[in-house]
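In: need the 3D shape of this:
(one chain, ligands or ions: 1)
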Amino acid sequence: MTRKLHDILTAGVRNPAVVMGILNVTPDSFSDGGKYLDPQAAGRQARRMIDCGAEIIDIGAESTRPGADTVPPDEQIRRLEEIVPAVVKTSAIVSVDTTSAAVADRALTWGAKIINDVSAGRDDPQILTLVAQRGAAIVLMHMLGRPRTMQDNPQYTDVTAEVKAFLAKRISEAVAAGVDESRIIIDPGIGFGKKLEHNLALLRTVDDLGGLGRTILVGPSRKRFIGELGGAELPENRVGGTIGACLAARRRGATIFRVHDVAPAVEALKVYDAVIASGSEVS
Ligand code: HH2
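Out: Residues are numbered from 1 along each chain as shown. Here you go, the predicted structure:
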């Protein structure tokens, strides 16, 4: 079952969790770089994720891993131009992971419904106006620093308060640019300028961000802090830890879960939601 984006964004946290499957059409993403550069392979992976229950497919053509180089808009468009229209034809909602207004413009023209901007509209402020004009949705994510240097000893006094203040400001900017508030999704940016303790604090306090009144997305999938906790060196061996992080965030009110391993995430969230829902039925 795939719900409409409007229903997902207005349903609130009591409705079933939403899984966003990750599709990186890049040569250098930290865990799946190079696997889906070929549009045929990318299409097969999108189909597999949708069959496993992903309601949103997030397609990215630029890695944001620590140390990554930026990819010019033309090259992002070249990597996306076959796969985005192909996934738009499926039942899934298409999101495009970019900080460039030129790339976002093309993606929305092809039929994408969400722009996932890890810079929260700071890299290319035109992206906010564009999203507003097209009536699209946008993910505004917190990041401290830039991908190239963001993991060089990030420091916070109160990470939750600082991320919340940042997101509140970015929401105001987006609304000032004309973005419909109900179409704004916020994300604490797990792993983006964060040490282990910061990631844990943010997952534990997702409900504080709930005070901003927006749908909350989290993206802990296969990230380094999971390796630090669970010991798995290879990102693809961090599935169990990813699920643990998703359930912790679900407990605190997250709605959308951006993951590489869709099937286990969908199953875990379904069981988790069923357990919670059963509490209101059993006397
Ligand atoms: N994480 C990554 C990329 N985009 N977008 C949002 N909203 N939230 C995230 O946590 C997030 C994101 C990094 O993961 P991945 O796409 O797997 O790797 P890479 O950036 O190397 O392509």
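In: how distant is the top strand by length along the chain from the center of its chain?
Out: If you go by DSSP state E, the chain has its longest strand at strand 18-24. Relative to its chain's centre, strand 18-24 lies at 8 Å (Cα atoms, centre = their mean, to the nearest Å).
In: what packs against that strand?
Out: helix 39-51, strand 56-60, strand 256-259, helix 262-278 (3 or more Cβ pairs under 8 Å, 6 or more residues apart in numbering; DSSP states H and E). Where you see a C-beta, it was placed from the backbone N, CA and C, and this is true even at glycine.
In: export these to CSV and tack on mean neighbour count?
Out: Output for these, formatted as CSV (neighbours: other Cβ atoms under 10 Å):
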stretch, mean neighbour count
helix 39-51, 17
strand 56-60, 26
strand 256-259, 27
helix 262-278, 16
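In: sorry, back to before: how about the longest strand of the chain, does it get close to the ligand?
Out: Yes: Strand 18-24 lies within reach of the ligand by Cβ under 6 Å from any ligand atom, at 22, 24.
In: tell me the strands beside that strand, with direction?
Out: Applying DSSP bridges, strand 18-24 is found paired with strand 56-60 (parallel), strand 256-259 (parallel).
In: how close does the residue of the stretch 1-150 of the chain found nearest the ligand get to Ile56?
Out: Going by Cβ to the nearest ligand atom, the ligand is nearest to Ser29 of the stretch 1-150 of the chain, at 3.1 Å. Ser29 sits at a distance of 18 Å from Ile56 (criterion: Cβ to Cβ, to the nearest Å).
In: repeat that for Ser95.
Out: 5 Å.
In: part of a helix, is Ala112?
Out: No: per DSSP: H, G, I helix; E, B strand; the rest coil, Ala112 lies outside any helix segment and is coil.
In: quick one: buried residues of stretch 197-214?
Out: 198-203, 205-206, 208-210, 214 (16 or more other Cβ atoms under 10 Å).
In: what of stretch 133-143?
Out: Quick answer for stretch 133-143 (16+ other Cβ under 10 Å): 134, 136-143.
In: outside of it, which residues touch it?
Out: By Cβ atoms under 8 Å, 6 or more residues apart in numbering, the surrounding residues in contact with stretch 133-143 are 5, 9, 95, 108, 112-121, 127-128, 130-131, 150, 163, 166-167, 170-171, 174, 178-180, 183-189, 192-193, 217.
In: please repeat the previous calculation with a cut-off of 7 Å.
Out: Residues from elsewhere that reach stretch 133-143 (Cβ atoms under 7 Å, 6 or more residues apart in numbering): 5, 9, 108, 113-121, 131, 150, 163, 166-167, 170-171, 174, 179-180, 183-189, 192-193, 217.
In: ok, Pro73 - contacts?
Out: Counted by Cβ under 7 Å, 6+ apart, Pro73 has contacts 100, 102-103.
In: residues in contact with the residue in the chain that the ligand sits nearest to?
Out: At 2.3 Å from the ligand, Gly219 is the closest residue in the chain, using Cβ to the nearest ligand atom. The contact partners of Gly219, taken as Cβ under 7 Å, 6+ apart, are 187, 190, 258.
In: how about Gly240?
Out: Counted by Cβ under 7 Å, 6+ apart, Gly240 has contacts Gly230.
In: wait, does stretch 114-133 contact the ligand?
Out: Yes: using Cβ under 6 Å from any ligand atom, stretch 114-133 reaches the ligand at 116, 118.
In: which residues of the stretch 101-250 of the chain lie near the ligand?
Out: 116, 118, 139, 141, 187, 189-190, 217, 219.
In: just the ones of these in helices?
Out: If you go by DSSP state H, those have nothing in helices.
In: export the residues you listed as JSON lines, with columns for pLDDT.
Out: Putting these into JSON lines (pLDDT from 0 to 100) gives the following:
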{"residue": "Asn116", "pLDDT": "98"}
{"residue": "Val118", "pLDDT": "97"}
{"residue": "Val139", "pLDDT": "98"}
{"residue": "Met141", "pLDDT": "98"}
{"residue": "Asp187", "pLDDT": "98"}
{"residue": "Gly189", "pLDDT": "98"}
{"residue": "Ile190", "pLDDT": "98"}
{"residue": "Leu217", "pLDDT": "98"}
{"residue": "Gly219", "pLDDT": "98"}
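In: tell me the two of these that are most distant?
Out: Greatest spatial distance in those: Asn116 and Ile190, 13.8 Å, computed using Cβ to Cβ.
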